[in-house]
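Enquirer: Have a look at this fold, sequence not included:
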């Protein structure tokens with residue numbers, strides 16, 4: 001069992017354009033760093049549905065840093081690490097597609113094209129549905145759902161408990 005990893009969660013404004021990221025770094029089973037920031041999405045555009053999900057509005061990100069400005073913080077936390085996400089294909093696609101949009105090379109992160117996935121882990125042990133909120137309820141993990149840092153922290157805790 002790998003107890004050194006990084007958990008990540010993105011909230012998106014439209015499609016794969018992130019408006020927030022939460023990253024939790026775990027070393028030897030202990031959370032040693034937490035990072036969260038708002039991100040100004042491309043053209044600061046939002047889908048009304050995503051606003052209803054996470055409650056982040058264009059007015060919240062109008063003066064936020066862009067993905068390119070935030071990327072050095074993301075890179076230093078992810079590069080050469082085992083990466084964990086609750087629905088890894090979603091968060092991995094947000095990262096890889098946003099990097100491509102801004103002309104950044106995903107392969108430079110050296111994190112692989114499949115991450116560890118707590119949805120798959122908890123489904124495999126019979127938890128249905130294996131949503132983040134349900135996994136946290138069953139495992140008694142505090143969660144402020146759709147707040148990026150809370151989601152990333154909960155994912156890290158779920159991964160540690162597997």
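Expert: Received, thanks. Keep in mind it's a predicted model, so treat the numbers as computed, not measured. Numbering: from 1, shown residues only.
Enquirer: need the strands for this protein, in chain order.
Expert: 5-14, 17-27, 30-38, 83-85, 116-117 (DSSP state E).
Enquirer: how far does the fourth one sit from the chain's center?
Expert: This means strand 83-85. 8 Å (CA atoms, centre = their mean, to the nearest Å).
Enquirer: Which neighbours in the sheet does that strand have, and how are they oriented?
Expert: In the sheet, strand 83-85 lines up against strand 5-14 (parallel), strand 116-117 (parallel) (DSSP bridges).
Enquirer: Which of those strands sits closest to residue 70?
Expert: Residue 70 lies closest to strand 5-14 among the strands paired with strand 83-85, at 11.1 Å (CB to CB). Every C-beta, even on glycine, is put in place using the N, C-alpha and C of the backbone.
Enquirer: In the closest one, which residues are buried?
Expert: Judged by neighbour count (16 or more other CB atoms under 10 Å), strand 5-14 contains these buried residues: 5-13.
Enquirer: ok and it relative to strand 17-27, angle-wise?
Expert: Angle, strand 5-14 to strand 17-27, by axes from the mean of the first three to the mean of the last three CA atoms, to 10 degrees: 170 degrees.
Enquirer: Now do stretch 51-63, average pLDDT.
Expert: Stretch 51-63 carries an average pLDDT of 98.
Enquirer: what do you get for stretch 110-122?
Expert: pLDDT averaged over stretch 110-122 gives 94.
Enquirer: Ok, stretch 140-158 next?
Expert: 98.
Enquirer: is it true that residue 151 touches residue 141?
Expert: No: with contact defined as CB atoms under 8 Å, residue 151 does not reach residue 141; the gap is 10.8 Å.
Enquirer: The two: who's more crowded?
Expert: residue 151 (29 against 19; other CB atoms under 10 Å).
Enquirer: Contact partners for the more buried one?
Expert: 9, 22, 86, 132, 143, 145 (CB atoms under 8 Å, 6 or more residues apart in numbering).
Enquirer: Most neighbours among the residues you listed, which one is it?
Expert: residue 9 leads these on contacts (other CB under 10 Å) with 30 neighbours.
Enquirer: Quick check: bridge partners of that one?
Expert: Taking DSSP bridges as the rule, residue 9 bridges to residue 22.
Enquirer: List the residues that contact residue 70.
Expert: Counted by CB under 8 Å, 6+ apart, residue 70 has contacts 21, 37, 39.
Enquirer: for these, which one is nearest residue 82?
Expert: Closest approach to residue 82 among the contacts of residue 70 (CB to CB): residue 21, at 17.7 Å.
Enquirer: That concludes my questions; thank you for your assistance.
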